[in-house]
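Novice: Build me a structure from this.
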Amino acid sequence: MPEEAVTTLRAELERFGRAEEGFALLEVFLEVARPWLGAVVLDPVGLHLPDGMTEDRAVVQGLIEELERAPRGKGRVVERGFDMADEQARWDYVRLAYSSNQATVWSRRGRTTYFEASGRHKATYWLPDSLKRDYFEALGSRGWTIPPDWLTAVAKRPKPWWKRGGR
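Specialist: Numbering: from 1, shown residues only. I've put the predicted structure just below:
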């Protein structure tokens, strides 16, 4: 059975009128995608508030300071997971994802990345058609404007597993 087509949507905060708009779009995505989600994680090292963030700066700075005080494991991979069933954890993740060097939302079996923010200046959604449809319907029902280039983005079928990679 062929894999479902996937649409790539750019989601850097700079592309929105206000950073909070990007946060709201991610928050709606996390609510809609909950049944599809696996791990929702970020790198808590070197968190830094986005420049365009106007609201909740003090609250998010407090979250950052709290994470910086938390003891770190001795392993090389430092990752902090978030429970998407918890409304406060979703709110925290949305603000911290754009503050992190690396934040990722995985599918249930960890085979697909649905959202990734990296290097504080790059963010992307990769949405299968069915999830994209549900997400866009939720955005519209909540009164959020869907970026015009998201509406015209063309879904593509993923490459077969044997053609993926750099070789």
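Novice: who's in contact with the longest helix seen in the chain?
Specialist: Longest helix in the chain, counting residues (DSSP state H): helix 19-33. For helix 19-33, contacts defined as CB atoms under 8 Å, 6 or more residues apart in numbering pick out 11-13, 15-16, 37, 40, 50, 52-55, 84, 90-91, 93-95, 97-98, 105, 114-115, 123, 125, 131, 134-135, 138-139, 142, 144. (Glycine included, C-beta is placed from N, CA and C.)
Novice: so the most centrally placed residue in the chain, which of the three states?
Specialist: Geometric centre of the chain, nearest residue: Phe115, 3.9 Å, by CA atoms, centre = their mean. Put simply, Phe115 is strand when judged by DSSP: H, G, I helix; E, B strand; the rest coil.
Novice: Next one: it from Leu131, what distance?
Specialist: 11 Å (CB to CB, to the nearest Å).
Novice: got it, and Ala103?
Specialist: In terms of CB to CB, Ala103 sits 18 Å off from Leu131.
Novice: Tell me where the chain has helices.
Specialist: Counting by DSSP H, the helices of the chain are 19-33, 57-69, 87-97, 129-141, 148-152.
Novice: Give me the angle between the fourth one and helix 19-33.
Specialist: For helix 129-141 and helix 19-33, the angle between their directions (axes from the mean of the first three to the mean of the last three CA atoms, to 10 degrees) works out to 130 degrees.
Novice: And the residue lying closest to Arg142 once chain neighbours are set aside, how close does it get to Tyr135?
Specialist: Closest residue to Arg142 apart from its sequence neighbours, by CB to CB, 6 or more residues apart in numbering: Val28 at 6.2 Å. Distance of Val28 to Tyr135, computed by CB to CB: 7 Å.
Novice: Looking at the two, which is more packed in?
Specialist: Tyr135 (22 against 18; other CB atoms under 10 Å).
Novice: I figured that one was touching Asp129, is that so?
Specialist: No: look at Tyr135 against Asp129 with CB atoms under 8 Å: they stay out of range, at 10.6 Å.
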